[in-house]
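1. I need the structure of the sequence given here:
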Amino acid sequence: QVQLVESGGGLVQAGGSLRLACAASGRTISTYHMGWFRQAPGKEREFVAAISTTGINTYYADSVKGRFTISRDNAKNMLYLQMNSLKPEDAALYYCAADRALTGVSYDYTTYDYWGQGTQVTVSS
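-> Now for the predicted structure:
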């Protein structure tokens, strides 16, 4: 079992930045692909970014490419999401998730095995 706890959300003006963190416990995340997803009210949960077990490969939704950066520190059992140039449409509940890496990195939230409780990001225009 992997327990995930997100932090770092908050209220920011459009154009501002936030850094989300996800602390893992229970097991090392070094053998898990990790991802960030978000869900706005009335919308489906959507893929934001993912990172392979070693951190060498990263993947982004087109809507955040060039503005968000996913990273991980396996030694600290941590996952991060640096979000720059935030837009009102980025506002959502952001979740981190762990995938047991039985296959390649997935964009599909249904393939992820463990989830945090989410951290709220609000962007004012």
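2. after the one helix or strand L93 maps to, next one along is what?
-> Assigning secondary structure by DSSP states H and E places L93 in strand 92-99. The first helix or strand that comes after strand 92-99 along the chain, using DSSP H and E, is strand 114-115.
3. need the contact partners of that next one.
-> When contacts are defined by CB atoms under 8 Å, 6 or more residues apart in numbering, strand 114-115 is touched by residues 1-4, 32, 95-98. Bear in mind the C-beta positions are built from the backbone N, C-alpha and C, glycine included.
4. between the residues you listed, which has the most around it?
-> C96 (30 neighbours; other CB atoms under 10 Å).
5. how far away is it from G42?
-> Distance, C96 to G42, using CB to CB, to the nearest Å: 22 Å.
6. before we move on, back to that, and which of the contacts of strand 114-115 is nearest to L20?
-> C96 (7.7 Å; CB to CB).
7. might one say that the closest one is in contact with A23?
-> No. Assessed by CB atoms under 8 Å, C96 is found out of contact with A23, at 9.1 Å.
8. what's the overlap in contacts for the two?
-> In contact with both C96 and A23: L4, using CB under 8 Å, 6+ apart.
9. which residues touch E89?
-> Contacts of E89 by CB under 8 Å, 6+ apart are 63, 123.
10. kindly provide the distance from it to M78.
-> According to CB to CB, E89 and M78 sit 27 Å apart.
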